[in-house]
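> make a model of this:
(one chain, ligands or ions: 1)
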Amino acid sequence: MPKLLVTGSSGLIGSEVVIHFARNGWEVHGVDNNQRAVFFGPQGDTRWNQQRLIETLGKGFEHHEVDIRDRPGVLTLLKTVKPDAVVHTAAQPSHDRAADIPFDDFDVNAVGTLNLLEATRQACPESPFVHLSTNKVYGDRPNTIALKELETRWDYDDPAYADGITENFSIDQSKHSLFGASKVAGDVMVQEYGRYFGMPTCCLRGGCLTGPNHSGVELHGFLSYLIRCNLEGREYKVFGYKGKQVRDNIHSHDVACFIEQFIAAPRIAEVYNIGGGRANSVSILEAFSLVEKFTGRKQVYTYVDENRIGDHICYISNLAKMRQHYPGWDITLTLDETIQQIVESHRSRA
Ligand SMILES: NC(=O)c1ccc[n+]([C@@H]2O[C@H](COP(=O)([O-])OP(=O)(O)OC[C@H]3O[C@@H](n4cnc5c(N)ncnc54)[C@H](O)[C@@H]3O)[C@@H](O)[C@H]2O)c1
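A predicted model of the protein is given here:
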């Protein structure tokens, strides 16, 4: 039985990857210490999801309560498990939270990633290493693309970006937030372990990754949090850009399917922009209407004129490289289907 090690296994992407591979005959080892509850408080708690994995998967899944900042602990784990592939999703994932906890943010996102890379090199250098990076590595440079204002959203006013932003967009000389900077450090290190040591690594620069198993909070998990606010009649705060800022949303299942494709036919030091693409893009105002359609409840919100520092006005991932390298992969879930699943999940959790 092939073995997979997944960090951040109780989180949105980690748990989806665990289930996906366990159902495809892999023995899966999860690493998570519920740090999300430390970062975001009780609403970010992911123990419910850890429990769900243990109950659903039984013997096919083993949970390891390890902090990825624990260098000797990570090395021992990798040497003991010797996984056939590593999927690294554990992170401090919030743009805004990072400024309050700069050392924790960097220690987890940059140093934790290095701990895992080096442990993988020592224990199983042939094993594919998939790293969840972020579109925030591009900093606020996407905001320099010419934009046009439409009735409910911003859009690119430059035909070169009609299909979105590609992987050769510059990550340099822009404002990233501390989170974006710590993720750049991890991203470049993952590429370096590929180029320098010849290891099969890849960085997935996520747009909005979403799905029913997110523990959405105001500072992270846009759609999940928005839907939760709608269902609970709580006020959602829109920060700037007239609520017309655009995000492209990809269901965690489609992320797991891409990871499966990469692990089956790995390449060295690759980088992919992974998001929902234009078809699954939505502005905040548009998201309100879509969600209302499924919940039957009007969204309560307030508008704050000031945008979040470095926030993207319009971000759409160009998926051409993913589709070209892995023709067996494509987006399978529409935005409507994704929203419906998140609504149902929040209702059942409540
Ligand atoms: N969700 C998004 O919209 C999005 C967008 C772009 C990139 N990403 C990236 O994708 C990855 C996964 O995101 P997610 O939404 O699943 O996040 P998540 O917060 O739902 O999951 C991350 C998990 O990692 C765990 N974790 C954090 N620090 C840890 C540590 N030091 N040791 C062990 N476990 C730790 C947390 O407890 C949590 O369960 C992250 O790298 C994130 O930066 C996410």
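> the ligand contacts on the stretch 101-250 of the chain?
With CB under 6 Å from any ligand atom as the criterion, the stretch 101-250 of the chain meets the ligand at residues V108, G112, L132, T134, G206, C208, L209, H214. In this view, the C-beta of every residue, glycine as well, is placed from N, C-alpha and C.
> neighbours of the fifth one, just the number please.
It refers to G206. Applying other CB atoms under 10 Å, we find 24 residues neighbouring G206.
> ok, the closest residue to N24 other than its chain neighbours - contacts?
Closest residue in space to N24, ignoring its immediate chain neighbours: E260 at 7.2 Å, by CB to CB, 6 or more residues apart in numbering. If you count contacts by CB atoms under 8 Å, 6 or more residues apart in numbering, E260 has them with H20, F21, N24.
> over to G216?
So G216 contacts F222, L223, S224, Y225, L226, I227, R228 (CB under 8 Å, 6+ apart).
> quick check: the farthest pair among those residues?
The most widely separated members of the contacts of G216, counting by CB to CB, are F222 and R228 (11.0 Å).
> which of these two has more neighbours?
Taking neighbours as other CB under 10 Å, F222 and R228 compare with R228 leading, 24 against 19.
> test my guess that that one contacts R234.
Yes: between R228 and R234 there is a contact at 7.4 Å, judged by CB atoms under 8 Å.
> hey, what's in contact with both of those two?
Here R228 and R234 share no contacting residue, scored by CB under 8 Å, 6+ apart.
> if we can go back for a sec, now the contacts of G216 in CSV, please, with extra columns for secondary structure and pLDDT.
Formatted as CSV, the contacts of G216 follow (DSSP: H, G, I helix; E, B strand; the rest coil; pLDDT from 0 to 100):
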residue, secondary structure, pLDDT
F222, helix, 87
L223, helix, 92
S224, helix, 92
Y225, helix, 93
L226, helix, 95
I227, helix, 95
R228, helix, 93
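> closest one of the residues you listed to the ligand?
Within the contacts of G216, proximity to the ligand (CB to the nearest ligand atom) peaks at F222, which comes in at 6.6 Å.
> now the strands for the stretch 51-200 of the chain?
Along the stretch 51-200 of the chain, the segments classed as strands by DSSP state E, counting those that start in this stretch run 61-64, 85-88, 129-134, 147-149, 154-156.
> in CSV: the ones you listed, plus mean neighbour count.
Below are the strands of the stretch 51-200 of the chain laid out as CSV (neighbours: other CB atoms under 10 Å):
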stretch, mean neighbour count
strand 61-64, 18
strand 85-88, 28
strand 129-134, 27
strand 147-149, 15
strand 154-156, 20
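> can you lay out those as TSV showing distance to G275 and mean pLDDT?
Below are the strands of the stretch 51-200 of the chain laid out as TSV (distance: least, CB to CB, whole Å; pLDDT from 0 to 100):
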stretch	distance to G275	mean pLDDT
strand 61-64	28	98
strand 85-88	18	98
strand 129-134	10	98
strand 147-149	18	98
strand 154-156	14	98
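> whichever of the contacts of E260 end up buried, select them in ChimeraX.
In ChimeraX, a selection of the buried entries from those looks like this (16 or more other CB atoms under 10 Å):
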select :20,21
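> L147 is in contact with Y161, correct?
No: Y161 lies out of contact with L147 (CB under 8 Å); the separation is 9.6 Å.
> which residues are in contact with the residue minimising distance to the centre of the chain?
The chain has L209 as the residue nearest its centroid, 4.8 Å off, counting by CA atoms, centre = their mean. Neighbouring residues of L209 by CB under 8 Å, 6+ apart: L12, I13, L132, N249, I250, S252, V255, I274, G275.
> among the residues you listed, which two are most distant?
L132 and N249 (15.4 Å).
> number of nearby residues for the residue in the stretch 1-150 of the chain positioned nearest to the ligand?
In the stretch 1-150 of the chain, no residue comes nearer to the ligand than G11, which is 1.8 Å away by CB to the nearest ligand atom. Residues near G11, counting by other CB under 10 Å, number 31.
> over to G243?
Residues lying near G243 (other CB under 10 Å) number 18.
> my guess is it contacts S283. True?
Yes: using CB under 8 Å, G243 is in contact with S283, at 6.9 Å.
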